[in-house]
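Asker: turn this into a structure:
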Amino acid sequence: MDGRIGEKVIESLEDIAPDLGRYTIEFPFGDIYSRPGLDLRSREIAVVSALTALGNAAPQLKVHINGALNVGVTRTEVVEIIMMMAVYAGFPAALNGMAAAKEVFSKRDREGLS
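Answerer: Okay, the predicted model is just below:
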């Protein structure tokens, strides 16, 4: 879903909090994402919504926008998800989310990804 990003998270915390790095990947992706009931596409829509609503998780939001695109969410859907958060989380959170999406889309364009 996210390629090597999970490994980078673990590596970035190896010298200070290796358990936190491991928990950050193992619990959500090993335990929660593998549960029945929702497909990966639906899970990523939920995560993009939640991280946008938080308004202060741009690095994680970018990872999950990439993940959403990788599992079939379209760019138009990402934009609509973020726009909906203006209603529930406020315009500042939605604007921050849209800035993150714009960065992800630009990077993917440069890399030749849809």
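
Asker: so where's the protein uncertain?
Answerer: 1-3 (pLDDT under 70).

Asker: can you report how many residues lie near residue 114?
Answerer: Residue 114 has 9 neighbouring residues, counting by other CB atoms under 10 Å. Every residue, glycine included, has its C-beta placed from N, CA and C.

Asker: that one against residue 108, yeah?
Answerer: Yes: shown here, residue 114 and residue 108 form a contact pair, counting by CB atoms under 8 Å, at 7.1 Å.

Asker: name the residues contacting each of those two.
Answerer: Counting by CB atoms under 8 Å, 6 or more residues apart in numbering, the common neighbours of residue 114 and residue 108 are residue 69.

Asker: so this protein: which segments form each domain?
Answerer: Following automatic domain parsing, the chain resolves into domains at 1-35, 39-114.

Asker: deepest of the ones you listed, which one?
Answerer: A comparison of the domains of the chain by mean neighbour count, using mean count of other CB atoms under 10 Å, puts domain 39-114 on top with a mean of 17.

Asker: for this structure, what spans make up the helices?
Answerer: 5-13, 18-25, 40-54, 58-70, 75-89, 91-110 (DSSP state H).

Asker: tabulate those in TSV, adding columns for distance to residue 31.
Answerer: TSV is the format used below for the helices of the chain (distance: least, CB to CB, whole Å):
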stretch	distance to residue 31
helix 5-13	14
helix 18-25	10
helix 40-54	12
helix 58-70	17
helix 75-89	24
helix 91-110	26
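
Asker: looking at the ones you listed, which is nearest to residue 32?
Answerer: With CB to CB as the measure, helix 40-54 is the member of the helices of the chain nearest residue 32 (8.1 Å).
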